[in-house]
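**Student:** I need the structure of the sequence given here:
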Amino acid sequence: MAITVGFLEFIPDTRGIIATTLRFNNYWAPAKAVERIVKAFEILITFEYSLNATLSEAQSYWLRRWQLGQFVSALRQHKQTLKHLKIVRLEPFPDLGDNECNHIGSLADFTALECLSVSKRFVTPHTRAFGHCKSSRDIQVLPRFGATNITPMTVLRALPQSLTTLELSSCSPTITTTLLPSIEQGQGIGSLRELKIGFTQQSPSSTATGSLTQQEMDLVAAFDQKGIKLKIHS
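**Tutor:** All right, here's what the predicted structure looks like:
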């Protein structure tokens, strides 16, 4: 059973929801409300929260208080059952400031996680946020590696071995010379079998015309040799 939150507000006051799927499809909701709903589920297998660029821009005032860390903290109650996780906020969106918990932290203890779809920005934590984030004690920032010299690759390497599909959205073209080569060169991510890369709408890319650059084709071939299907799109 699935519950999809769309144009109508759905904030249950009771516990013991028997549905296993919760989706916020292009629907803004405060982190506190999402946290309360998530905790009302007995078992959660799929969780999705997505905002398109238009809604992100329209909600700019409230999004300054948007804390991804609270989502992840609430979802930890389902860390042994959650298989599909999507948290995507497309550009443009405002500067969240140094005090916001706008990174996924470590998902290493989500031992059932198979598919992760997340905005690239959320695997690039702001170092200054660690000392100020109100939810830092709950996020469990990268327990395997500590909280120094954190990079997107560090975050991705902390993902559970159960992970088979990873989708990073709102990427810049520089990902083809930074993050993708690091993954391809053997810094494993779970049991990855499919990697999807989506560029921001503002990024100039040959993928807009349906063709890949030579560098992108070489990366696709290199990943294929490792048994990983790489998909690059705009």
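
**Student:** what's across from C171 in the sheet?
**Tutor:** Beta-bridge partners recorded for C171 (DSSP bridges): F199.

**Student:** That one: what's it in contact with?
**Tutor:** 120, 197-200, 203 (Cβ atoms under 8 Å, 6 or more residues apart in numbering). C-beta here means a position set from N, CA and C on the backbone, and glycine is covered the same way.

**Student:** Repeat the analysis, applying 10 Å as the threshold.
**Tutor:** For C171, the contact set (Cβ atoms under 10 Å, 6 or more residues apart in numbering) comprises 119-121, 178-180, 197-200, 203, 205, 232, 234.

**Student:** Next: E184.
**Tutor:** Going by Cβ under 10 Å, 6+ apart, E184 touches 195, 218-219, 222-223, 225-226, 228, 230.

**Student:** Buried ones among those?
**Tutor:** 195, 219, 222-223, 228, 230 (16 or more other Cβ atoms under 10 Å).

**Student:** so which pair among those residues is furthest apart in space?
**Tutor:** The widest separation within the buried ones among the contacts of E184, taken as Cβ to Cβ, falls between L195 and A222 and amounts to 11.5 Å.

**Student:** counting contacts, what elements does the host helix or strand of L22 pack onto?
**Tutor:** In the assignment (DSSP states H and E), L22 maps to strand 21-25. Judged by 3 or more Cβ pairs under 10 Å, 6 or more residues apart in numbering; DSSP states H and E, strand 21-25 is in contact with strand 2-5, helix 31-40, strand 46-51, strand 84-89.

**Student:** For it, the averaged confidence score.
**Tutor:** Strand 21-25 shows a mean pLDDT of 89.

**Student:** Now the top helix by length along the chain - C-alpha only, PDB.
**Tutor:** Counting by DSSP state H, the longest helix found in the chain is helix 214-225. Extracted in PDB, the C-alpha atoms of helix 214-225 (Å, rounded to 0.1, in the frame of the first residue of the first chain):
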ATOM      1  CA  GLN A 214      33.900  11.300 -26.300                       C
ATOM      2  CA  GLN A 215      34.900  11.600 -22.600                       C
ATOM      3  CA  GLU A 216      31.400  10.600 -21.600                       C
ATOM      4  CA  MET A 217      31.400   7.600 -24.000                       C
ATOM      5  CA  ASP A 218      34.800   6.500 -22.600                       C
ATOM      6  CA  LEU A 219      33.400   6.600 -19.100                       C
ATOM      7  CA  VAL A 220      30.300   4.600 -20.100                       C
ATOM      8  CA  ALA A 221      32.600   2.000 -21.600                       C
ATOM      9  CA  ALA A 222      34.800   1.900 -18.500                       C
ATOM     10  CA  PHE A 223      31.900   1.500 -16.200                       C
ATOM     11  CA  ASP A 224      30.500  -1.200 -18.500                       C
ATOM     12  CA  GLN A 225      33.700  -3.200 -18.000                       C
END
